[in-house]
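# using only what follows, build the 3D model:
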Amino acid sequence: MKSNTKSSITLPRDELRLVNELKKRLRARTKVEVVRRGLQLLKETTDRDALRAAYAEASRQVRSSSLAALAELDSLAEEGLSDQEP
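Residues are numbered from 1 along each chain as shown. Here you go, the predicted structure:
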């Protein structure tokens, strides 16, 4: 069984020009390498975006309970300071 599968895509002239420019700039050996790098970058970006969204949602879910806990502890912030000399 082959590990690589052939695929062929047709690009509009402007996009092919972009691939060729990136090939030179990135010193990539092939146009396929340029496309692979682009796909990997897109995957990493979307993975980070999904992770960022998950953290934001988790933060929203615990925000009210965190604020309540901080409010309860706020009275302890000055505890014992009146005994201190300036």
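# elements contacting the one helix or strand Gln40 maps to?
When elements are assigned from DSSP states H and E, Gln40 belongs to helix 31-74. Contacts of helix 31-74 with other secondary structure elements, assessed using 3 or more CB pairs under 8 Å, 6 or more residues apart in numbering; DSSP states H and E, are made with helix 13-26. All C-beta spots, glycine's among them, are computed from the backbone N, C-alpha and C.
# in the helix it packs on, what's buried?
Of the residues in helix 13-26, Val19, Leu22, Lys23 count as buried by neighbour count, 16 or more other CB atoms under 10 Å.
# just give me the neighbour total for Val34.
Taking other CB atoms under 10 Å as the criterion, the count of residues near Val34 is 20.
# average pLDDT for the helix holding Gln40?
This predicted structure assigns helix 31-74 an average pLDDT of 92.
# now it and helix 13-26, what's the angle there?
Counting by axes from the mean of the first three to the mean of the last three CA atoms, to 10 degrees, helix 31-74 points 80 degrees away from the direction of helix 13-26.
# measure Glu44 to Val35 for me?
The gap separating Glu44 from Val35 is 15 Å, by CB to CB, to the nearest Å.
# out of those two, which sits in the more crowded spot?
Neighbour tally, Glu44 and Val35, criterion other CB under 10 Å: the higher count belongs to Val35, 17 against 10.
# list the contacts of the more buried one.
Val35 makes contact with Val19, according to CB atoms under 8 Å, 6 or more residues apart in numbering.
# please report the distance of it from Leu11.
The separation that Val35 has from Leu11, given CB to CB, amounts to 10 Å.
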